[in-house]
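Q: Here is the input, now give the coordinates:
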Amino acid sequence: MESTSMVKQENRRVFSLTKLNESLERLIADRVGGTTFWVRCQIAKINLKNGHRYVELVDSENGKRTAQSRGVIWASTFPKIQSEFKTYGLRAEEVLKDDMEITIEVGVRYHKIYGLSLDIMQVDPAFIIGDIERQKQETMARIEREGLLEMQPKLYLSPIALRIALVGSPGTSGYTDFQTELANNSFHHGFTTKTFEASVQGDQSIATIVSAIREANRWDVDCIVLIRGGGSKMDLHIFNHYDICKAIAFSRVPVLVGVGHETDETLADRVAFRSEKTPTAVAKYLYTRIGVFRANLNEALLQIRTQSNELIASTRHQTQRLQNLIYTHVDSLLKGIGERIEMHTLRIQQSTAEALASQKEWAQNLVNRIYTLSNGHILAGKQHLRQTLAQLGDTTRAVLEARREYLGVAYNFITGTALNQVAVEQQQEISQRERLIELSANHTVEGKKGELDYLVKKIELVDPTALFGKGYTISTVDGTDIQSLETADFDRLEGKTLITQAHNRRVESTITKTEQS
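A: Numbering: from 1, shown residues only. All right, here's what the predicted structure looks like:
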């Protein structure tokens, strides 16, 4: 068995890895060299280096990756791909990015060091356009199912919409064009705009536009204007997104869309209250609307004035005719009423004279009876009042005498009790004040004693003798501490005597030189 195994190993042919890879390189070049293939795949990752674009291509099924290859778009090939995209209104940067599904023409290349890779020759723009249209149709079907197309048209937009919530990106051409057109029109200059900043390009644009529309709904505005300048199909494709369409449809304020496109209509245009081709056109719509309303108002006022004048003239003629008829009829009525009043007056005068005569005698008898009865009641009342006053005087005098005796006894008792109480309270107050004075004096003495102790300690700290004991010295010249001398004074110290005072020592020295350290 061992000899047989040895023979097999001796007959085995072994290749180096280089030879194997060179063989694979030749084999693939012979079989597929010069041949290209159209492949549908997804970009997992793309990197730019030295003008070349290195792409990681993948394929998947049911969420599981089934294939993976490296692809390269060489710098010499990219301008052709970019030019092809421009004819479809696209930019290569919009398509060649992570997670995009693409259809590409590739050539297969095998390198003995770098392995298998795909040279990307073309990228099919038609597939991208078809995918955009497919997504747009799917979103459109959902919008129709949910009834979003009917929501904005039901709102009311005032013909004089002056307070505008502007959703866009400040500094862009579309934003500037709208503001310039609105400010320089010849119809109306009372517009006010509040900007709700939102990105209109890139991965974050959808979320920022939705957020800006919702925020604008919290403000008191007449309308919301969503604007963006011109762009490619991919640029404008964000305005086909369901979230933006839903935010527009559910806005309580009318939304006007001005996206810079001349041909393609986005779904945002479909759900909006009104859509215009450009931001400038939206501005023109707003101020033209005011101009038309003003013209219609002036025309209506002119018609009202004309019809009013005609109606006044006609009414004046009818009024004059009726006035004449009324005057004639009233004059006739007044004459008849005057005759009836005169007749009734004569009757009333006769009846009144007879009634007065009969009532005069009855009234005189009644007055005499009332006068007699009144005199009797008055005399009886006077007598009763005198008796009552007499009884009241006797009772009052008795009560006053009794009160006088009671008050005398109460006065003597209260006076004695009050004097005793005052004496006790005064004695208590004097004792309390003595205790307070004693406490205050003790507190003041203790405080002053603490202050004196503190001053003694401070004096001890600055005592020269104590400082000398800690190693400090004091140097003087002519009785002046050298620390207090000015810079110019040091130049005049040479030859003078320096006295240095230390602990239990006094040293005298002659100054020969001074230097500034």
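
Q: Can you give me the distance of Val477 to Thr497?
A: 7 Å (CB to CB, to the nearest Å). (Glycine included, C-beta is placed from N, CA and C.)

Q: Sorry, wrong one. I was asking about Ile238.
A: Counting by CB to CB, the separation of Ile238 from Thr497 is 95 Å.

Q: doesn't Ala67 fall inside a strand?
A: Yes - secondary structure assignment places Ala67 in a strand (DSSP: H, G, I helix; E, B strand; the rest coil).

Q: Please look at it and Glu61 and confirm they touch.
A: No - applying CB atoms under 8 Å as the test, Ala67 and Glu61 come out as separate, 9.4 Å apart.

Q: Which neighbours do Val477 and Thr497 have in common?
A: Taking CB atoms under 8 Å, 6 or more residues apart in numbering as the contact criterion, the common neighbours of Val477 and Thr497 are Ile511.

Q: More neighbours: the two, which one.
A: In terms of neighbours (other CB atoms under 10 Å), Val477 is the more surrounded of Val477 and Thr497; the figures are 17 against 12.

Q: which non-adjacent residue is nearest that one?
A: Once flanking residues are discounted, Val477 sits nearest to Lys496: 5.4 Å by CB to CB, 6 or more residues apart in numbering.

Q: Give the burial count for the one you found, as a bare number.
A: Per other CB under 10 Å, the neighbour tally for Lys496 reads 10.

Q: show me what contacts it?
A: Residues in contact with Lys496, defined by CB under 8 Å, 6+ apart, are Val477, Asp478, Thr510, Ile511.

Q: Filter those residues down to the buried ones.
A: Neighbour counting over the contacts of Lys496 (16 or more other CB atoms under 10 Å) leaves Val477 as the buried ones.

Q: Format the contacts of Lys496 as a markdown table; extra columns: distance to Ala126.
A: Conversion of the contacts of Lys496 to a markdown table gives the following (distance: CB to CB, whole Å):
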| residue | distance to Ala126 |
| --- | --- |
| Val477 | 103 |
| Asp478 | 107 |
| Thr510 | 108 |
| Ile511 | 102 |
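
Q: Distance of the residue nearest to Val477 relative to Glu515?
A: Relative to Glu515, and taking CB to CB, Lys496 is found at 16 Å.

Q: same check, this time on Ile120
A: In terms of CB to CB, Ile120 sits 81 Å off from Glu515.

Q: Does Arg252 fall in a helix, a strand, or a coil region?
A: Following three-state DSSP, Arg252 is assigned to coil.

Q: and stretch 148-168, C-alpha only, in PDB?
A: The C-alpha atoms that make up stretch 148-168 are tabulated as PDB, following Å, rounded to 0.1, in the frame of the first residue of the first chain:
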ATOM      1  CA  LEU A 148     -55.800  62.200  -2.500                       C
ATOM      2  CA  LEU A 149     -56.500  63.900  -5.800                       C
ATOM      3  CA  GLU A 150     -59.800  65.400  -4.600                       C
ATOM      4  CA  MET A 151     -58.700  66.900  -1.300                       C
ATOM      5  CA  GLN A 152     -56.800  70.100  -2.300                       C
ATOM      6  CA  PRO A 153     -59.300  71.200  -5.000                       C
ATOM      7  CA  LYS A 154     -62.000  71.400  -2.200                       C
ATOM      8  CA  LEU A 155     -60.000  74.100  -0.400                       C
ATOM      9  CA  TYR A 156     -60.600  77.800  -0.900                       C
ATOM     10  CA  LEU A 157     -57.800  80.200  -1.900                       C
ATOM     11  CA  SER A 158     -58.500  83.900  -1.300                       C
ATOM     12  CA  PRO A 159     -58.200  86.000  -4.500                       C
ATOM     13  CA  ILE A 160     -55.900  88.200  -2.400                       C
ATOM     14  CA  ALA A 161     -53.400  85.700  -1.000                       C
ATOM     15  CA  LEU A 162     -50.700  87.800   0.600                       C
ATOM     16  CA  ARG A 163     -49.300  85.600   3.400                       C
ATOM     17  CA  ILE A 164     -47.200  83.000   1.700                       C
ATOM     18  CA  ALA A 165     -45.400  80.000   3.200                       C
ATOM     19  CA  LEU A 166     -42.400  79.300   0.900                       C
ATOM     20  CA  VAL A 167     -41.100  75.700   1.000                       C
ATOM     21  CA  GLY A 168     -37.800  75.500  -0.900                       C
END
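
Q: Next up, the contacts around Lys45.
A: Lys45 makes contacts with Val55, Glu56, Asp98, as judged by CB under 8 Å, 6+ apart.

Q: who has more neighbours, Ala67 and Glu61?
A: When Ala67 and Glu61 are compared on other CB under 10 Å, the one with more neighbours turns out to be Ala67, at 11 against 8.

Q: Please name the bridge partners of that one.
A: In this structure, Ala67 bridges to Asp59 when assessed by DSSP bridges.

Q: gap between it and Val55?
A: If you measure Ala67 against Val55 using CB to CB, the figure is 14 Å.

Q: Lys194 now?
A: Taken as CB to CB, the span from Lys194 to Val55 is 44 Å.

Q: got it, and Leu334?
A: With distances defined as CB to CB, the gap from Leu334 to Val55 amounts to 111 Å.

Q: So the two - more neighbours on which side?
A: Summary of the neighbour comparison: Leu334 and Val55, criterion other CB under 10 Å, with Val55 having more neighbours (23 against 10).

Q: per-residue confidence for that one?
A: Reading off the confidence values, Val55 has pLDDT 91.

Q: That one: what's its closest spatial neighbour, skipping adjacent residues?
A: The spatial neighbour of Val55 that comes closest, neighbours along the chain excluded (CB to CB, 6+ apart), is Gly71 at 4.1 Å.

Q: CA atoms only: put the host helix or strand of that neighbour into PDB for me.
A: Taking DSSP states H and E as the definition, Gly71 sits inside strand 64-73. Coordinates of the C-alpha atoms in strand 64-73 are reproduced here as PDB (Å, rounded to 0.1, in the frame of the first residue of the first chain):
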ATOM      1  CA  LYS A  64     -30.900  36.800  -0.100                       C
ATOM      2  CA  ARG A  65     -27.800  37.600  -2.100                       C
ATOM      3  CA  THR A  66     -27.300  35.100  -5.000                       C
ATOM      4  CA  ALA A  67     -24.400  36.600  -6.900                       C
ATOM      5  CA  GLN A  68     -21.600  39.200  -6.500                       C
ATOM      6  CA  SER A  69     -18.900  40.600  -8.900                       C
ATOM      7  CA  ARG A  70     -16.600  43.600  -9.100                       C
ATOM      8  CA  GLY A  71     -17.200  46.100 -11.900                       C
ATOM      9  CA  VAL A  72     -15.100  49.000 -13.200                       C
ATOM     10  CA  ILE A  73     -16.100  52.100 -15.200                       C
END
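
Q: and after that strand, which helix or strand comes next?
A: Following the chain from strand 64-73 toward its C-terminal end, the next helix or strand by DSSP H and E is helix 78-87.
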